[in-house]
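Participant: Could you work out the structure for the sequence below:
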Amino acid sequence: MHRSLSDGWHAAAAAICGAAILAGTAACGASSASSSGTSVPATPSASPLAGLTADQIASKAFADLASVSSVHLADSVVQSGQALVLDLTIGTDCRGTVEMSGEGTLKLLRIGKNLWIKPDSKFWKSAGVSDSALLSAVSGKYIRPSAKDSDLRGLQMLCNPSWYASEFGQKLTGLVKDGTSTVSGQRALGIREPGDPGIAYVTFSARPEPLRLNAGSSGLLNFTGYNAPVLVSPPPSGEVLDGTKYGF
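Facilitator: Reported below is the predicted structural model:
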């Protein structure tokens, strides 16, 4: 089955919305966002990627993404008129936030297989929690969900570089090079599928890595800080609640 860059984006956006589903907030639908690199015409023949086809470059780039120890991931999309902002450093350990305008912010921490979530008060209220005593009990606290909670699969996937590599990198064929750009301060090569709005920017190097996935009206993902150390400490025990007592 053939997939486009936009197909991969929609799968990733669905996982991002797992955070919203977990808290019972608004369902996710069509998305829109736009951004692009600063275009530079043509790919020089001396390029370290000149001897590879666009399909080969994409395959190498997503394989490299799957193998990294860490990467910082940021996105800004609109789902059903609702803005979502993702700011995560992902890898074996993971930390960051998922913010939904009007719905609140969810903080994530993961160390190995141990996951903690910290919804803010607005998030809890958007989830339908109105009992003042319950809101007081959970306010400012981390929740440690049950490892068996199937609703957490989307949140776990958000922390795994290999998941993004799999979603965006499978069965991509018929791609073409689209000149060079400056993305996040780095020279990058654009790769796209003719007729599809999606474009991937990868580092202009012998070992390319994804820098930006821009699906036009469907959304945008930026990848920076490859293989940087990630220091994540578990929250203080006094700030952690057992998720099984709260339906997690």
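Participant: Please go through this structure and pick out the longest helix.
Facilitator: helix 54-67 (DSSP state H).
Participant: just checking, what packs against it?
Facilitator: helix 161-169, strand 176-183, strand 186-192, strand 199-203, strand 210-214 (3 or more C-beta pairs under 8 Å, 6 or more residues apart in numbering; DSSP states H and E). Glycine gets a C-beta too; all of them are placed from N, C-alpha and C.
Participant: Nearest to residue 128, out of those?
Facilitator: helix 161-169 (29.0 Å; C-beta to C-beta).
Participant: Please put the alpha-carbon coordinates of that closest one into CSV.
Facilitator: Coordinates of each C-alpha in helix 161-169 appear next as CSV, following Å, rounded to 0.1, in the frame of the first residue of the first chain:
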residue,chain,number,x,y,z
PRO,A,161,11.3,8.3,17.9
SER,A,162,10.9,4.9,16.2
TRP,A,163,7.2,5.3,16.1
TYR,A,164,7.4,8.5,14.1
ALA,A,165,10.0,6.9,11.8
SER,A,166,7.7,4.0,11.2
GLU,A,167,4.6,6.2,10.5
PHE,A,168,6.3,8.6,8.2
GLY,A,169,8.9,6.2,6.6
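Participant: And that helix, what does it pack against?
Facilitator: Partner elements for helix 161-169 (3+ C-beta pairs under 8 Å, 6+ apart): helix 5-16, helix 54-67, strand 70-79.
Participant: which of the residues in that helix are buried?
Facilitator: By neighbour count on 16 or more other C-beta atoms under 10 Å, the buried set for helix 161-169 is 161-169.
Participant: want to throw those residues into a markdown table with pLDDT and distance to residue 65?
Facilitator: Below are the buried residues of helix 161-169 laid out as a markdown table (pLDDT from 0 to 100; distance: C-beta to C-beta, whole Å):
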| residue | pLDDT | distance to residue 65 |
| --- | --- | --- |
| 161 | 92 | 6 |
| 162 | 91 | 8 |
| 163 | 86 | 10 |
| 164 | 83 | 6 |
| 165 | 87 | 4 |
| 166 | 84 | 9 |
| 167 | 76 | 11 |
| 168 | 76 | 8 |
| 169 | 68 | 7 |
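Participant: Alright, calling it a day.
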